[in-house]
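1. Return atomic coordinates for the entry below.
(3 chains)
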Amino acid sequence: MMENLITAINENKNDTSLRAIILSANGNVFSAGHNLKELQTSAGTDQHKLIFNKATELMRSIILSPVPVIAKVNGFATAAGCQLVATCDMIICSDKSKFSTPGANFGIFCSTPGIAIGRSVPKSKAMYMLLTGEPITAQEAYESGLVTKVVPADKLDEEVNRIVEQIKHKSRCVIALGKEFFYKQINLNTLDAYRLGEDIMVQNINSNDGQEGIQSFVEKRKAIWNHK
Amino acid sequence: MMENLITAINENKNDTSLRAIILSANGNVFSAGHNLKELQTSAGTDQHKLIFNKATELMRSIILSPVPVIAKVNGFATAAGCQLVATCDMIICSDKSKFSTPGANFGIFCSTPGIAIGRSVPKSKAMYMLLTGEPITAQEAYESGLVTKVVPADKLDEEVNRIVEQIKHKSRCVIALGKEFFYKQINLNTLDAYRLGEDIMVQNINSNDGQEGIQSFVEKRKAIWNHK
Amino acid sequence: MMENLITAINENKNDTSLRAIILSANGNVFSAGHNLKELQTSAGTDQHKLIFNKATELMRSIILSPVPVIAKVNGFATAAGCQLVATCDMIICSDKSKFSTPGANFGIFCSTPGIAIGRSVPKSKAMYMLLTGEPITAQEAYESGLVTKVVPADKLDEEVNRIVEQIKHKSRCVIALGKEFFYKQINLNTLDAYRLGEDIMVQNINSNDGQEGIQSFVEKRKAIWNHK
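-> Numbers count the residues shown, from 1 in each chain, chains lettered A, B, ... in the order given. So this is what the prediction gives:
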């Protein structure tokens, strides 16, 4: 499953007609995370290392994807499934969705999910999820910053499509440059981030689509993007 | 008082029957922080250094405690008392509780409380608390991420007990491993955190209680934890 | 405009009668950010570098100002205008205000605004603003931590004045010391922050206004600040 997701996320990444990726699920479980049976000792430590290495690669693929990755959640996202959701650029969920990290109930603390969740919600909420294993509602997930928006289940497609339309009106390479820089700067201290940010802005302005965007604004017309 | 708290938090830390620590107070003041009289010049700079060193040791004791530390707040938590609350793993408070950092009113800016609060709430809220000294309500504390949950005063014990019950159903050493890793990884950049996280997951899986947890899941029975 | 703001923020910074700075605007646009016409290639790369260097200098001036800088927003704050708002110590806005980072619509991703916004709101909200360019309401800005408070437009002056009054009751140099330390420690890991924080507390206590504050508390009288 992780292999398939990594392949799906990466295989069209240089195709300029790919503008956004939506992760969604059939049924009322978005993702329940790792298969615990794969984690029995009989599988061997090398196999366990491979599994978590693969999970990191999946998260990296989302972060490094040149197009926005949107989680469309309508149900339960638990453990590494909750990590997957939290790692997406945007998370739109239905009001029936729930989020939890119940690993400790089965002796396996959700340590790697905590990396993504601890960077999305306040510490006191992340700790509640990790230490109790209790689910939080869609509304609580919104209040704590885990999800971008909560909508009624029958408006979920509409809302995600609206966001994708917004992305499609923009230049693909400008979105890619901006997304890449966001994840780079967020790990730096503020002044180092600004120093790097100045260079990125100048680079963006002097790109083809940067100049076309400004030109179209000045001439009050629709921009015609090159996308690369 | 700080000495007593440090001793109380640490003295049973290797006793496997200790599963959680609850910090609570009698009366309507949870904690008003440092005693300003101890901070007069007559006490001497060495004494001042000792006091703030002790405060850091108290915060470290909470962070390093192998069991979850829960603040149960029913009243005012101010200055270093608010720092104490913000440092706990989870914070459950009554709807009558209030939180403030009014040190600057008395010439002593709440700089050390700001370390804990600035890592719990958005900058614009932390700055409001620190620069104006004004209290925020329990509801505002929830909205800004400072507290985990707000409940009516007469449900406070029930809610905290519910959380402790959730913790008691789990393996003590798995909780300890997960808590320790959370505070370690949150100071790292995301990819370094994942690199370390992979190792922690493999270590957790190959522990006694990790395997017992998986085994119990596969066999659809209750896990019997070793706790160490 | 940026030059004027930098000068206005810095020119009275050593005047002890200056106690707070309020950034506000006439009309229903707080700030729309950079002038895109200045970013055409005809201006030249050196000119572009200068512009973004100047913007960083403006943000630094706010962060390094010894007095609190408050954004009083009653309208639209977009792109670098939204960055300006997010960089202020406190942000008080009317319920009609809106916030957006629509740069990508014009081929220029709001990368530098994202530095300030990404440190104020959860990632999934920052990414929504940056990738879609859609505005968020005052209420959404409050929920995500971008603004400190939302009030009806006709209460905006009253609320900002109330905050300024709170600041004026305190010692100028204590506020300056506390603000400087906050922005320093927030970029450190928690334990390094506490180590530095202990020294700052001892320094604060042994300052004139630190001792006067404690003395006034002990003697139950109003403090008479020296302010330096």
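2. Which strand or helix spans the residue of chain A found nearest chain C?
-> Proximity of chain A to chain C (Cβ to the nearest Cβ) peaks at residue A:213, 1.9 Å away. (Each C-beta comes from the backbone N, C-alpha and C, glycine too.) Assigned by DSSP states H and E, residue A:213 belongs to helix A:208-218.
3. OK, contacts around the residue of chain A closest to chain C?
-> By Cβ atoms under 8 Å, 6 or more residues apart in numbering or on different chains, the contact set of residue A:213 is A:171, A:174, A:223, C:105, C:106, C:107, C:108.
4. Need the contact partners of stretch A:130-137.
-> So stretch A:130-137 is contacted by A:76, A:78, A:97-105, A:109-110, A:113-114, A:117, A:125, A:128-129, A:144, A:146, B:68, B:89-90, B:163, B:166-167, B:170, B:175, B:178-179, B:182 (Cβ under 8 Å, 6+ apart).
5. and residue A:200, what does it touch?
-> If you count contacts by Cβ under 8 Å, 6+ apart, residue A:200 has them with A:177, A:181, C:111, C:112.
6. so which of these are also by chain B?
-> Among these, proximity to chain B is found for none (Cβ under 8 Å from any Cβ of the partner chain).
7. Return the subset of those lying in helices.
-> If you go by DSSP state H, the contacts of residue A:200 have A:177, A:181, C:111, C:112 in helices.
8. Isn't the first one up against residue A:206?
-> No - using Cβ atoms under 8 Å, residue A:177 is not in contact with residue A:206; the gap is 11.7 Å.
9. what's the distance between residue A:35 and residue A:74?
-> 22 Å (Cβ to Cβ, to the nearest Å).
10. can you give me the strands in chain A?
-> For chain A, strands defined by DSSP state E occupy the ranges A:21-23, A:29-31, A:69-73, A:76-78, A:90-94, A:98-100, A:136-137, A:149-151.
11. In a markdown table: these, plus mean pLDDT and mean neighbour count.
-> Putting the strands of chain A into a markdown table (pLDDT from 0 to 100; neighbours: other Cβ atoms under 10 Å in any protein chain shown) gives the following:
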| stretch | mean pLDDT | mean neighbour count |
| --- | --- | --- |
| strand A:21-23 | 98 | 19 |
| strand A:29-31 | 97 | 20 |
| strand A:69-73 | 98 | 26 |
| strand A:76-78 | 98 | 25 |
| strand A:90-94 | 98 | 26 |
| strand A:98-100 | 98 | 23 |
| strand A:136-137 | 98 | 18 |
| strand A:149-151 | 98 | 19 |
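12. longest helix anywhere in chain A?
-> With DSSP H as the criterion, chain A gives helix A:45-64 as its longest helix.
13. List the backbone torsions phi and psi for the residue nearest the centre of chain A.
-> Residue closest to the mean C-alpha point of chain A, counted by Cα atoms, centre = their mean, is residue A:88 at 0.7 Å. Here is the backbone geometry of residue A:88 (degrees, to the nearest 10): phi -60, psi 160.
14. wait, it sits on residue A:59?
-> No - applying Cβ under 8 Å, one finds residue A:88 not in contact with residue A:59, separated by 9.8 Å.
15. Now chain A against chain B: closest residue?
-> residue A:107 (1.9 Å).
16. ok so, going back, got phi/psi on the spatially closest residue to the residue of chain A closest to chain C that is not a sequence neighbour?
-> Nearest residue to residue A:213, sequence neighbours excluded (Cβ to Cβ, 6 or more residues apart in numbering or on different chains): residue C:107, at 1.9 Å. With angles defined as degrees, to the nearest 10, residue C:107 sits at phi 80, psi 0.
17. Just list the residues touching residue C:107, thanks.
-> Applying Cβ under 8 Å, 6+ apart to residue C:107 gives the contacts A:171, A:174, A:204, A:207, A:209-214, A:216, A:223, A:225.
18. Could you restrict the contacts of stretch A:130-137 to the ones contacting chain C?
-> A:144, A:146.
19. Filter the contacts of stretch A:130-137 down to the buried ones and hand me the PyMOL line.
-> Remark: buried members of the contacts of stretch A:130-137, expressed as a PyMOL selection using 16 or more other Cβ atoms under 10 Å in any protein chain shown:
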select buried, (chain A and resi 76+78+97+98+99+100+101+102+103+104+105+109+110+113+114+117+125+128+129+144+146) or (chain B and resi 68+89+90+163+166+167+170+175+178+179+182)
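20. that older thread, helices - which of the contacts of residue A:213 land there?
-> Those of those lying in helices (DSSP H): residue A:174.
21. Show me the shaky parts of chain A.
-> Chain A contains no residues with pLDDT under 70.
22. domain parsing for it?
-> Per automatic domain parsing, the domain ranges recorded for chain A read A:2-167, A:171-218.
23. Phi and psi next, for residue A:12.
-> With angles defined as degrees, to the nearest 10, residue A:12 sits at phi -110, psi 20.
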